[in-house]
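J.: Predicted structure and sequence below. I'll ask about it afterward.
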Amino acid sequence: MRPPPWKVGELAKRTGVSVRALHHYDEIGLLSPSHRSGAGYRLYTEIDVARLQQIRSLRALGFSLEEARDFLKRPEVTPDRVLQLHVAHLKEQIAAQQSLADRLEQVARRWRSDENVPTEEFLQIIEVTNMIGKYYTSEQMEQLKQRGEMLGADHIRQAEAEWPELMAKVQAEMDRGTDPADERVQALARRWKELVEEFTGGDPGIAKSVGRMWQEETTIHGMDTGNMRSLMGYVQKAWAAAPKE
């Protein structure tokens with residue numbers, strides 16, 4: 001590849017970021033080329049490439065384009081800081097993958113010993129394989145593990161058994177068109193919040209990860225997330241309508 005500055009097509013070919021994406025970055029003020037040719041073509045320099053790398057790192061961390069743009073505007077944000085954030089995220093993913101590898105090795109040992117491995121164990125591993133690292137950091141996974149140990153297996157089973165019944169009741173009220181401010185809905189919304197906080201321990205980071213998972217996945221635990229999002233929207237309206245304490 002010839003020395004910079006590079007035209008948009010050349011940069012797209014070298015980085016794998018589409019021309020359309022680069023044009024969009026320019027339009028929203030996320031990455032504007034440092035120069036223009038006499039004919040008006042976008043020309044990108046080494047500084048622009050460094051900026052593009054920061055953008056891609058932030059995208060890997062889950063930032064939206066708008067969030068990345070606003071984050072990079074902060075005076076305290078340096079290229080080194082963005083790189084360190086990306087490195088930390090990758091290390092968390094590696095730790096989460098190692099945890100999964102350890103679990104798989106345990107199952108493999110049981111298999112070699114001719115022990116019965118329940119189908120549910122394989123189903124959970126498949127789900128964990130899909131979810132781990134994508135939504136939860138290794139620190140969050142450890143928090144959830146400690147939370148589970150604190151609550152105890154019996155309590156967790158009771159909560160898991162309660163969720164389908166609670167969701168069915170919320171669905172029924174939503175289908176009836178019941179006002180979210182109605183006391184019946186308010187009681188259901190309060191219980192919903194209690195169960196969520198039991199799982200998250202009130203940690204806003206874990207709550208955000210859970211929300212992302214339900215927004216982005218199509219099925220979780222065999223449930224249609226589209227329907228779940230509708231229920232969550234209804235419950236959120238109930239929370240908003242709740243009397244202020």
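T.: It's in.
J.: in this protein, which spans are strands?
T.: 6-7, 35-36, 42-44, 219-220, 223-224 (DSSP state E).
J.: Can you name every helix or strand that the second one contacts?
T.: By that I understand strand 35-36. Secondary-structure packing of strand 35-36 (3 or more C-beta pairs under 8 Å, 6 or more residues apart in numbering; DSSP states H and E): strand 42-44. (Glycine included, C-beta is placed from N, CA and C.)
J.: Okay, buried residues for the strand it packs on please.
T.: Residues 42-44 are the ones in strand 42-44 that count as buried (16 or more other C-beta atoms under 10 Å).
J.: Kindly report the same for stretch 175-182.
T.: Buried, per 16+ other C-beta under 10 Å, within stretch 175-182: 178, 180.
J.: Quick one: mean pLDDT for it?
T.: When pLDDT is averaged along stretch 175-182, the result is 94.
J.: Pull up the distance across that stretch, start to finish.
T.: 14 Å (C-alpha to C-alpha, to the nearest Å).
J.: Now do that stretch: distance to the chain's middle.
T.: 30 Å (C-alpha atoms, centre = their mean, to the nearest Å).
J.: before we move on, what about stretch 25-32?
T.: Worked out by C-alpha atoms, centre = their mean, stretch 25-32 lies 24 Å from the chain centre.
J.: One more: stretch 153-160?
T.: 25 Å.
J.: what about it, average pLDDT?
T.: Mean per-residue pLDDT for stretch 153-160: 82.
J.: what residues does it touch?
T.: 148, 151, 195, 198-199 (C-beta atoms under 8 Å, 6 or more residues apart in numbering).
J.: CA atoms only: put it into CSV for me.
T.: The C-alpha trace of stretch 153-160 is given here as CSV (Å, rounded to 0.1, in the frame of the first residue of the first chain):
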residue,chain,number,x,y,z
ALA,A,153,-29.4,-23.6,45.5
ASP,A,154,-32.9,-24.0,47.0
HIS,A,155,-33.7,-20.3,46.9
ILE,A,156,-32.4,-20.1,43.3
ARG,A,157,-34.7,-23.0,42.3
GLN,A,158,-37.7,-21.3,43.9
ALA,A,159,-36.9,-18.0,42.1
GLU,A,160,-36.5,-19.8,38.8
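J.: if you skip the residues just before and after it, what's nearest to residue 163?
T.: Nearest in space to residue 163, with sequence neighbours left out and distances taken as C-beta to C-beta, 6 or more residues apart in numbering, is residue 195 at 6.7 Å.
J.: Low-confidence stretches in the protein?
T.: Residues of the chain meeting the criterion pLDDT under 70: 1-2, 92-93, 95-97, 99-100, 114, 117, 119-133, 138, 218-224, 245.
J.: at 90 what do you get?
T.: The model of the chain has pLDDT under 90 over residues 1-6, 14-16, 37-41, 57-65, 67-68, 75-161, 163-164, 196-233, 240-245.
J.: Give me the domain ranges for it.
T.: 6-73, 79-131, 152-241 (automatic domain parsing).
J.: ok so, going back, please list only the buried members of the contacts of stretch 153-160.
T.: Buried, going by 16+ other C-beta under 10 Å: residue 199, out of the contacts of stretch 153-160.
J.: Let's have the contacts of stretch 153-160 in JSON lines, adding distance to residue 56.
T.: Formatted as JSON lines, these follow (distance: C-beta to C-beta, whole Å):
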{"residue": "148", "distance to residue 56": "35"}
{"residue": "151", "distance to residue 56": "39"}
{"residue": "195", "distance to residue 56": "37"}
{"residue": "198", "distance to residue 56": "37"}
{"residue": "199", "distance to residue 56": "32"}
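J.: Show me which of the contacts of stretch 153-160 is closest to residue 69.
T.: residue 199 (32.9 Å; C-beta to C-beta).
J.: Good, wrapping up.
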